[in-house]
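Asks: With the input below, show me the fold.
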Amino acid sequence: MNTKTLAIAAVAVLLVAGAGATAYVLTTDKEEEKTGGLYDLEAMVLKVDMGGITATPNIVYTIEMLYEKVYGKLPDAEYTLDEARADTEFWDAYCDYKPSAVKNKDGTYTVDSKTGRGKNQVTTKVTMGRVDCIISTGSMYMTTIYNLLCHKHGVEPYSAEAKGSDGLKTDFQKLIAGGTSLDYVEGNTELIGYFNKATYADAGANSMGNYDKETMGQNIRDVLGLHPGSNVVVMGSGSHSDQAFFESTDALVKETGGIALLLIAGSTIKDAFANIEALGMITGLSAQSEPLLKDLQVRLYAVYKALKTQEGTHKVYWEASNGKAVSGRGTSKAVMDFMGWDTTLMDGAEHDLENLNQEKPDIIVFYSNDTRPEDVRMRVAT
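Replies: Numbering: from 1, shown residues only. Okay, here's the model as predicted:
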């Protein structure tokens with residue numbers, strides 16, 4: 001473990017990601033030293049935006065943020081994409097992804113739609129035309145589309161210029177036409193200001209499994225009523241679905257006027273890059289996805305090189321709002337593995353104060369949308 005003392009810093013992180021640079025707006029809790037509970041570990045306490053731990057551009061922005069909060073400012077060294085590619089250890093591990101979508105000679109697209117996970121995963125090749133409107137569950141799709149549209153309109157994501165761009169909002173509202181409940185959007189992302197609550201087809205759900213089928217059908221009809229003749233797709237994660245679910249839901253989508261169901265998820269950094277490429281391709285935003293990918297890969301390489309200069313490691317405890325540790329899989333594990341930190345406490349189990357005092361993590365992570373009182377999260381007796 002790194003022997004340097006980490007100052008207690010309870011920090012809320014609002015990620016503001018630009019095309020060429022990333023800025024962070026930080027709000028720090030009271031500066032007086034606090035004692036009791038987990039404070040006595042003298043660990044660094046970080047709050048991470050939940051939307052930053054998804055297979056989207058935000059996964060790279062989050063890695064940059066974690067480096068700078070723990071190790072300090074990233075070195076000023078600049079790298080090229082050719083240099084990143086030439087470092088085969090890096091490129092093979094994080095950037096050499098398998099495309100999940102291809103463009104066919106007739107102008108259609110074939111996209112991998114996946115159900116299940118691991119040995120039980122089944123891939124269905126879905127062929128369709130260019131997508132005009134997306135009805136989706138989860139924040140992954142809207143986050144990637146938002147970043148691509150910011151590139152299209154030449155503004156930095158989450159900036160005042162982006163918020164004031166009528167063209168960006170118009171494009172965003174047509175592409176991200178329905179699905180994920182607006183309550184979830186507001187509580188878990190910084191994107192609520194880009195939605196039109198009067199026209200958005202709210203699913204009242206945040207996952208494919210909880211999406212009422214009658215509501216889904218009505219959402220598709222509503223979007224088509226607003227955008228006649230558009231190609232509407234429904235998207236979500238298929239990690240917890242089986243092939244029977246895919247087939248029955250795909251049939252519903254097509255019966256009500258949509259063109260396809262796409263179940264797209266991701267658990268690695270490579271998946272994030274594949275998803276950016278695929279979503280850019282099928283929405284006609286490849287001109288934006290290509291430079292975005294190159295920028296993200298170079299930025300990731302800069303953190304990779306900087307981490308090589310750091311000695312030792314850190315032990316991280318990452319807790320979800322249910323009071324249990326985040327499980328050691330998916331994108332959260334991918335991020336921690338990239339940082340090179342000890343993730344033995346990311347086991348999905350409940351860890352009491354006695355156990356954590358024995359394990360002695362020196363980095364503690366919470367999600368920024370965790371509404372529990374601070375003293376509850378930090379195990380301070382009341």
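
Asks: domain ranges for the protein?
Replies: Listed by automatic domain parsing, the domain ranges of the chain are 37-75+312-377, 88-303.

Asks: Just send those back as TSV, with distance to residue 81 and mean neighbour count too.
Replies: All C-beta spots, glycine's among them, are computed from the backbone N, C-alpha and C. TSV is the format used below for these (distance: least, CB to CB, whole Å; neighbours: other CB atoms under 10 Å):
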stretch	distance to residue 81	mean neighbour count
domain 37-75+312-377	14	18
domain 88-303	5	18
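
Asks: got CSV for these, with distance to residue 82 and mean pLDDT too?
Replies: Formatted as CSV, those follow (distance: least, CB to CB, whole Å; pLDDT from 0 to 100):
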stretch, distance to residue 82, mean pLDDT
domain 37-75+312-377, 19, 92
domain 88-303, 10, 95
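
Asks: give me the element residue 148 is part of.
Replies: helix 140-153 (DSSP states H and E).

Asks: ok, then the element right after that helix?
Replies: The C-terminal neighbour of helix 140-153 among helices and strands, as given by DSSP H and E, is helix 160-163.

Asks: quick one: the spatially most central residue of the chain from residue 381, how far?
Replies: Taking CA atoms, centre = their mean, the centroid of the chain lies closest to residue 54, which sits 2.2 Å from it. Residue 54 sits at a distance of 35 Å from residue 381 (criterion: CB to CB, to the nearest Å).

Asks: Residue 213 now?
Replies: Using CB to CB, residue 213 is found at 47 Å from residue 381.

Asks: wait, doesn't residue 139 sit right on residue 189?
Replies: Yes - counting by CB atoms under 8 Å, residue 189 is a contact partner of residue 139 at 5.2 Å.

Asks: shared neighbours of the two, which are they?
Replies: residue 51 (CB atoms under 8 Å, 6 or more residues apart in numbering).

Asks: quick one, phi/psi of residue 68?
Replies: Main-chain dihedrals, residue 68, degrees, to the nearest 10: phi -70, psi -30.

Asks: what's the spacing between it and residue 307?
Replies: 12 Å.

Asks: tell me the contacts of the closest residue to residue 324 other than its chain neighbours?
Replies: Closest residue to residue 324 apart from its sequence neighbours, by CB to CB, 6 or more residues apart in numbering: residue 350 at 4.9 Å. Residues in contact with residue 350 (CB under 8 Å, 6+ apart) are 323-325.

Asks: From those residues, pick the one nearest residue 316.
Replies: Lowest distance from residue 316 to the contacts of residue 350 (CB to CB) belongs to residue 325, with 9.9 Å.

Asks: what's across from the closest one in the sheet?
Replies: Beta-bridge partners recorded for residue 325 (DSSP bridges): residue 319.

Asks: just checking, it touches residue 319?
Replies: Yes - the criterion here is CB under 8 Å, and residue 325 meets it with residue 319 at 5.9 Å.

Asks: Can you pull the residues that touch both of these two?
Replies: Shared contacts of residue 325 and residue 319, counting by CB under 8 Å, 6+ apart, come down to residue 351.

Asks: quick one: residue 275 and residue 266 touch, right?
Replies: Yes - contact criterion CB under 8 Å: residue 275 and residue 266 qualify, at 5.4 Å.

Asks: Overlap of the contact sets of these two?
Replies: 55, 140.

Asks: From the rest of the structure, what touches the longest helix along the chain?
Replies: Criterion DSSP state H: the longest helix present in the chain is helix 286-307. Around helix 286-307, the neighbours that count as contacts under CB under 8 Å, 6+ apart are 19-20, 57, 60, 63-64, 67, 71, 74-75, 77-81, 83-84, 87, 90, 94-95, 147-149, 151-152, 269, 273, 276-277, 279-281, 338-340.

Asks: For this structure, just list every one of the helices.
Replies: Under DSSP H, the chain gives helices at 58-71, 81-86, 88-94, 140-153, 160-163, 166-175, 182-188, 213-226, 243-255, 269-282, 286-307, 330-339, 353-359, 374-377.

Asks: same for the third one, what does it pack against?
Replies: By that I understand helix 88-94. On a contact count with 3 or more CB pairs under 8 Å, 6 or more residues apart in numbering; DSSP states H and E, helix 88-94 meets helix 81-86, helix 286-307.

Asks: In TSV: the ones you listed, plus distance to residue 99.
Replies: Shown next, in TSV, are these (distance: least, CB to CB, whole Å):
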stretch	distance to residue 99
helix 81-86	16
helix 286-307	11
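
Asks: wait, which of the ones you listed is closest to residue 43?
Replies: helix 286-307 (19.7 Å).

Asks: CA-only coordinates of the closest one in CSV, if you can.
Replies: Provided in CSV are the C-alpha atoms of helix 286-307 (Å, rounded to 0.1, in the frame of the first residue of the first chain):
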residue,chain,number,x,y,z
SER,A,286,-19.7,8.5,-37.3
ALA,A,287,-18.1,11.8,-38.2
GLN,A,288,-18.2,12.6,-34.5
SER,A,289,-17.6,9.2,-33.0
GLU,A,290,-14.2,8.7,-34.8
PRO,A,291,-12.5,11.8,-33.4
LEU,A,292,-14.1,11.3,-30.0
LEU,A,293,-12.7,7.8,-29.9
LYS,A,294,-9.2,8.9,-30.8
ASP,A,295,-9.3,11.7,-28.2
LEU,A,296,-10.5,9.3,-25.5
GLN,A,297,-7.9,6.7,-26.3
VAL,A,298,-5.0,9.2,-26.2
ARG,A,299,-6.4,10.6,-22.9
LEU,A,300,-6.6,7.1,-21.4
TYR,A,301,-3.0,6.4,-22.5
ALA,A,302,-1.9,9.6,-20.7
VAL,A,303,-3.3,8.2,-17.4
TYR,A,304,-1.9,4.8,-18.1
LYS,A,305,1.6,6.2,-18.5
ALA,A,306,1.2,8.4,-15.4
LEU,A,307,0.1,5.5,-13.3
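
Asks: I'd like the distance from that helix to the chain centre, please.
Replies: 16 Å (CA atoms, centre = their mean, to the nearest Å).
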